[in-house]
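**Student:** Provided below are the primary sequence and the corresponding predicted coordinates.
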Amino acid sequence: MALFYRRLPRFDYIAPKTIYGALAALREEEGVARLLAGGTDLIPRLKKREMPAPRYVVDLKSVPDLGRVAFDESAGLRIGPLATIAAIARSAEVRERYPHLAQAASSMASPQVRNRGTIAGNICSAVPSADSAPPLLASGAYAAIKSLRGERTVALDQFFTGPRRTVLAPDEMLFEIGLPAPSPNSRGVYLKLSPRHSMDLAVAGVAASGVLEGGVCKEIRIALGAVAPTPIRAPVAEGMLLGRKITPALINEAAKNTVNQCTPIDDHRASLEYRCDMVYVLARRALTQIFS
């Protein structure tokens, strides 16, 4: 079937100049307003009628200081809601301290989309194959959420509630993504299987972050993408490694266990069995890299 784009549906456009103005618009038009950051997901979905047309689109781009990508030794990394995927990919601090996140950002979509799309938007879209989600989960990230009712913080592994569903209420916005400062000697990697290096959604993705001291695993986080209704952690596999002397045999057993966390779909892009097999392969490679 030929793919074609229709015109955008009709909606009213709001361009607030402050965070308060954006939150006020969400509160006043609760349930019928949608935030616009990069628009690389929202606009195509509206054109293809894959979602109900909102009555209002609230554009955040006129609000200052929302594109921040800032690192502090005590506070860690802070990513604002307008920070682009390209900004994350080229950040020296991210590449040095969170290499798995930089790897994911570099692999996403096209240069045009990376220059426009945002990390916060990628998370809020909540697709199971979101490339930014596994490395963020493997970094212990959290979401800072704001509304006129106040602020709250949610661990990212509690943020997703289903495909394209999150804990965000209609009057709330994701104001910041926070990542704790990594431990000394921490290493991270993100491995993605897709038909092409970029431009394609992940068939499976694995992120791992860990610390090895004297041959013993002192820290470990493993996160999986595109193999469950939401991006997920692999806590049992993590427990198999934590505090133990790392050997190729132990890595292999932990990688096999990650498959037990998977509940992938079976579709035209890959079968259920293939996705599970690839999670094992990617997890083994990722763990071998961070513990080598």
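**Tutor:** That came through, no problem.

**Student:** just the terminal-to-terminal distance for stretch 255-263.
**Tutor:** 16 Å (CA to CA, to the nearest Å).

**Student:** which residues are in contact with that stretch?
**Tutor:** Contacting residues not belonging to stretch 255-263 are listed as 206, 222, 224, 227-229, 232-234, 236-237, 240, 275-277, 279-281, 283-284, 287 [CB atoms under 8 Å, 6 or more residues apart in numbering]. To be clear about C-beta, it is placed using only N, CA and C from the backbone, and glycine gets the same treatment.

**Student:** can you select the buried ones from those residues in PyMOL?
**Tutor:** Applying 16 or more other CB atoms under 10 Å to the contacts of stretch 255-263 leaves a buried subset, and the PyMOL line that selects it is:
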select buried, resi 206+222+224+227+228+229+232+233+234+237+240+275+276+279+280+283+284+287
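
**Student:** mind listing the strands for the stretch 51-200 of the chain?
**Tutor:** For the stretch 51-200 of the chain, the strands defined by DSSP state E, counting those that start in this stretch occupy 56-59, 69-72, 76-79, 142-147, 150-155, 160-162, 165-166, 173-179, 187-193.

**Student:** quick one: closest of the ones you listed to residue 23.
**Tutor:** Of all the strands of the stretch 51-200 of the chain, strand 142-147 sits nearest to residue 23, with 5.8 Å by CB to CB.

**Student:** can you spell out which helices and strands pack onto that closest one?
**Tutor:** If contacts are counted by 3 or more CB pairs under 8 Å, 6 or more residues apart in numbering; DSSP states H and E, strand 142-147 sits against helix 19-28, strand 150-155, strand 173-179.

**Student:** only alpha carbons, please: show the second one as CSV.
**Tutor:** The C-alpha trace of strand 150-155 is given here as CSV (Å, rounded to 0.1, in the frame of the first residue of the first chain):
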residue,chain,number,x,y,z
GLY,A,150,3.6,21.1,41.8
GLU,A,151,6.6,18.9,40.9
ARG,A,152,7.3,15.2,41.3
THR,A,153,10.2,12.9,40.4
VAL,A,154,9.7,9.4,38.9
ALA,A,155,12.4,6.8,38.3
